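J.: give me a 3D structure for the following:
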Amino acid sequence: MKTDKNLIGAAGEHLVLSRLLVRGVLASQAPRNTRKADILVNPLDGGKPRLIQVKTTSAEKGALGWKMKDEHMTDISSDLLYCFVDFRSSPERVFVIPAKKVAEVLIAVDKAWMKKPKKDGTKRDKNMWRMIKPQFIVKTELTPPGWMDKYLENWSQLDSKTR
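T.: Here you go, the predicted structure:
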């Protein structure tokens, strides 16, 4: 039986919400189709409200990664975090990464990929896919092996003192 992608996405959002709430962070789901945000965070300590966009994968085939769009390469909002949910692992893992870091990684990997010739030796004209991955085929200074490890369950980024 094929799993509905919308259900997987909703499950990822609920997992992130539960991780926040159990830590005493006031958070709620954003209205459906809200631009930039799946979850709204409003710190009880008077800190700055934050937005969280959740990306979820449960694909059993292929390398671990999350599809992104061109717009993710330019959004460096200090109030935006991405939560990359991995349902392939047990227990589930959540990588909490600031938007600025996501944009930097996407740009660096895109540049490195575009420099690499196609199999037939010709130049690439456009990168059709954007992905965030723990391991990239093309290496950059920003993406050494294990680059995502420091973001695993790193909820402290929501603390007002660490911003």
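J.: how about the nearest residue to residue 75 once chain neighbours are set aside, phi and psi?
T.: Nearest residue to residue 75 in three dimensions, chain neighbours excluded: residue 99, at 5.3 Å (Cβ to Cβ, 6 or more residues apart in numbering). Any C-beta I mention is one placed from the backbone N, CA and C, and that applies to glycine too. Main-chain dihedrals, residue 99, degrees, to the nearest 10: phi -60, psi -40.
J.: hang on, residue 99 packs against residue 81?
T.: Yes: between residue 99 and residue 81 there is a contact under Cβ atoms under 8 Å: 6.7 Å.
J.: more neighbours, the two?
T.: residue 81 (27 against 20; other Cβ atoms under 10 Å).
J.: secondary structure class for the nearest residue to the more buried one once chain neighbours are set aside?
T.: Leaving aside its chain neighbours, residue 81 sits nearest to residue 52 (5.2 Å; criterion: Cβ to Cβ, 6+ apart). At residue 52 the chain is in strand, as set by DSSP: H, G, I helix; E, B strand; the rest coil.
J.: cool, the one 3 residues further on as well?
T.: Going by three-state DSSP, the secondary structure assigned to residue 55 is strand.
J.: contacts only, for it.
T.: 12, 66-68, 82-85, 132 (Cβ atoms under 8 Å, 6 or more residues apart in numbering).
J.: mind redoing it with 7 Å?
T.: Neighbour list for residue 55: 66, 82, 84-85 [criterion: Cβ atoms under 7 Å, 6 or more residues apart in numbering].
J.: where does the protein dip in pLDDT?
T.: 1-2, 62, 128, 160-163 (pLDDT under 70).
J.: please repeat the previous calculation with a cut-off of 50.
T.: 161-163 (pLDDT under 50).
J.: which residues of it fall in strands?
T.: Using DSSP state E, the strands assigned to the chain run over residues 27-29, 39-41, 50-57, 66-68, 80-86, 93-98, 130-132.
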